[in-house]
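Peer 1: Need coordinates for the below:
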Amino acid sequence: MRNINSLNCGSTGRRMLRPVKGRLMITILMAAVLLCWNTVSARSLGTILLQVEKVAPALRAAGAAASVRRAGVKIVKSRYAGEVDAVVKNSTFDDRRLINPIGYPLNLRPDLFDSNQIGYGLRAELPLDINGRIGAQLDAARQLLKASKARKEDVRLRLLYSAAALYHGIEGLLAGENALRHQIQALEAHIHTTEAAINAEQAIPVKKMRLITERDDVKGRLAALKGREQRLRAGLAALLAARAFPDSLSPIHILPQKIACTAEMIDQRPDIMALKARVNSSRAFRRAAQASRLPKLAVDGSWIQNQGYNGAGGDSWALSVQMGMPLWDGGGRRAEVEKSSANTRMLQQKLTALRYQARSELISARAAWDAAAARYQAAQASEKAATETARIQGNRFTEGLISADALVDAEAALSRAGSAKAAALTDLWRAGDSIRFSLGREPALYPVQRAASQTK
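Peer 2: As a prediction, this is how the structure comes out:
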């Protein structure tokens, strides 16, 4: 019975399918025009990455943190230059010996000095870093600045890879949505053909119900993909510091290149470099704490212009070299040394753990690349087979050799193969970016030359 219906549908379908095919061709042409227009006005991944790098609030915060550390270096470096202060002092004497001194020749005039005196001048202090404390503090500040810069680079890379992952995710969903739309268009055409066959009493209504059910199922899957796309677009808009991201995307049809990598290259990662700088800064703080237990040396000097010597003024200056030796502080300095030593050991263990984690991420990324490459090759072969099958089934349907059900199944298989290929290509790009991220490099489509020209 199925063969007879198939032959009848095929014989009448050639007359009734022409207007349907005409409408379908017009729809496809309009979709192609819209696709070309969107492609022209679409935003590429490179431009989006540059925009994220420019406006991301997290990256600005990391840059401000680096500025704080840079100012800290200047503060410590200024301690070498010492301090110079302008002073004004007021002195009141109530002892007759201080205001009427006895000297040679004998002078017993009353109130040789005024009992109220005022003086103004300069006071300076220059530390001599004989114990190396200031040098250790400066080394620690410089290491913290280096760690802050590496932290900023780590934040930048994570933002770029988050944006790239969202972009590739949207690309995969758009490819899947496009395949589902083509499947819906084909089902609509088959529904019109089946309606014509039912009106001619050459098909049963069950076929139309089956096609409608299939179309509604595809529409449901399309709505689910649109929901996922909106979530990814919202995440990309957050990285761009925008309310929404309605722009179309430039499709990527090229294959990523696998980069050569070794386990030793993980030290180029900015998070590892930041933690190494923090270890060095902790060691420098320990040296500074140890230096605080050693003798310290400083030079003090002052120049004062005194008013009140018989109504006239007089200059006085003083220069002193002071050396101090800490004897007792309740164990505070010793505790500072122990604290710095414990902090150094803690950071060293964190650095070791981070290196093991980075090696694990690199191994996982390479395994994910191999798996994604195998899936893409399989998806590519499946798409070729599905395309050939759909072509053969279309010719057989036109000749009346198969039913519409078989043709719908072939077209559905072609749609699924196209979606699988797009998803496999997206996974391949993500796997390649994972390898680059594990090595501390920018995403593959990051426009390095353009970014370098903007920073100059």
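Peer 1: Next, the buried residues of stretch 147-155.
Peer 2: 147-155 (16 or more other CB atoms under 10 Å). For the C-beta atoms, the positions are set from N, CA and C on the backbone; glycine is no exception.
Peer 1: what's the average pLDDT for that stretch?
Peer 2: For stretch 147-155, mean pLDDT is 95.
Peer 1: now swap in stretch 394-412 and tell me
Peer 2: Model confidence over stretch 394-412 averages 79 on the pLDDT scale.
Peer 1: Secondary structure element for Arg60, which one?
Peer 2: helix 57-77 (DSSP states H and E).
Peer 1: Go ahead and name everything in contact with that helix.
Peer 2: 53, 134, 137-138, 141-142, 144-145, 147-149, 151-152, 155-156, 159, 241 (CB atoms under 8 Å, 6 or more residues apart in numbering).
Peer 1: and with 10 Å instead?
Peer 2: Under the criterion CB atoms under 10 Å, 6 or more residues apart in numbering, residues 52-54, 56, 134-156, 158-160, 162, 238-239, 241, 281, 288 lie in contact with helix 57-77.
Peer 1: among the residues you listed, which are in helices?
Peer 2: 52-54, 134-156, 158-160, 162, 238-239, 281, 288 (DSSP state H).
Peer 1: Pass me the low-pLDDT residue ranges in the stretch 151-300 of the chain, would you?
Peer 2: Where the stretch 151-300 of the chain drops to pLDDT under 70, the residues are 202-203.
Peer 1: Would you map the helices across it?
Peer 2: Counting by DSSP state H, counting those that start in this stretch, one finds helices in the stretch 151-300 of the chain at the ranges 205-239, 270-291.
Peer 1: And for the residue lying closest to Ile130 once chain neighbours are set aside, the neighbour number?
Peer 2: Nearest non-adjacent residue to Ile130, counting by CB to CB, 6 or more residues apart in numbering: Leu297, 5.0 Å away. Residues lying near Leu297 (other CB atoms under 10 Å) number 14.
Peer 1: Make sure Leu297 is actually in contact with Pro127.
Peer 2: Yes: Leu297 is in contact with Pro127 according to CB atoms under 10 Å; the separation is 7.5 Å.
Peer 1: which residues are common contacts for the two?
Peer 2: Common neighbours of Leu297 and Pro127 (CB under 10 Å, 6+ apart) are Gln322.
Peer 1: I'd say Ala238 and Arg231 touch.
Peer 2: No: counting by CB under 10 Å, Ala238 sits too far from Arg231 to count as a contact (11.0 Å).
Peer 1: and for the two, which residues touch both?
Peer 2: Both Ala238 and Arg231 are contacted by Leu166, under the criterion CB under 10 Å, 6+ apart.
Peer 1: how close does the residue nearest to Arg156 when sequence neighbours are not counted get to Val155?
Peer 2: Closest residue to Arg156 apart from its sequence neighbours, by CB to CB, 6+ apart: Leu59 at 5.6 Å. As judged by CB to CB, to the nearest Å, Leu59 and Val155 stand 6 Å apart.
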